[in-house]
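Chemist: I'll drop the sequence and a predicted model, then ask my questions.
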Amino acid sequence: MELLKPVYPRLERFALTLTRNRDDAKDIVGETVLKAFEGFDTVRDEQAFLSFLFTICSRVAQSGRYKKRVLASEEQVEELFRNYTSPETATDIVLLYQALDKLPAEAKEAIILSEISGLTHKEVQEIQGGSLSAIKVRIFRAKKRLAELLGVQLTEQSLISE
């Protein structure tokens, strides 16, 4: 339980970002914690726990049970963040979610894991698989495409992280 406490808010944010539905996000996190508890003996060390947890969360979110649901409407997304953010920020969040929805699934997940959930590229690699350079390229291209979709001018330095 001590390992879970510090990452729990990030896990919730990741699930909410993927589903844009608070109830589904809570269900996904609950199912993730249950599956993590059942497989906890397979975790090698504390460092592996984070990728173990987010991998489970990603797979649970991708399961058919949650994919069949309709994405939240613009009004529902605004409502999710209305009590937590300023109106300007809430509008930016809605625009970001709309742009995220236009990305390929792997790119969307990679950008959510790295930029919204705060995981390192190495942790994203452990969750998504593939090589570290492939993850870096995926995130770089996703940032670039998001900037295009949002009409934002970015410098090369702002696209490169870690």
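Modeler: Sure thing, it's come through.
Chemist: in stretch 126-139, what's buried?
Modeler: 126, 127, 128, 135, 136, 138, 139 (16 or more other C-beta atoms under 10 Å). In short, each C-beta sits where N, CA and C put it, glycine included.
Chemist: mean confidence score for that stretch?
Modeler: The average of the pLDDT scores along stretch 126-139 is 93.
Chemist: Walk me through the domains of the chain.
Modeler: Here the domain parsing of the chain from automatic domain parsing is 1-71, 72-98, 102-162.
Chemist: for the protein, what spans make up the strands?
Modeler: Counting by DSSP state E, the chain has no strands at all.
Chemist: So which residue of it lies furthest out from the middle?
Modeler: residue 41 (25.1 Å; C-alpha atoms, centre = their mean).
Chemist: how far away is residue 119 from residue 55?
Modeler: Residue 119 is 11 Å from residue 55, where distance means C-beta to C-beta, to the nearest Å.
Chemist: May I ask you to name the longest helix in the protein?
Modeler: Determined from DSSP state H, the single longest helix within the chain is helix 132-150.
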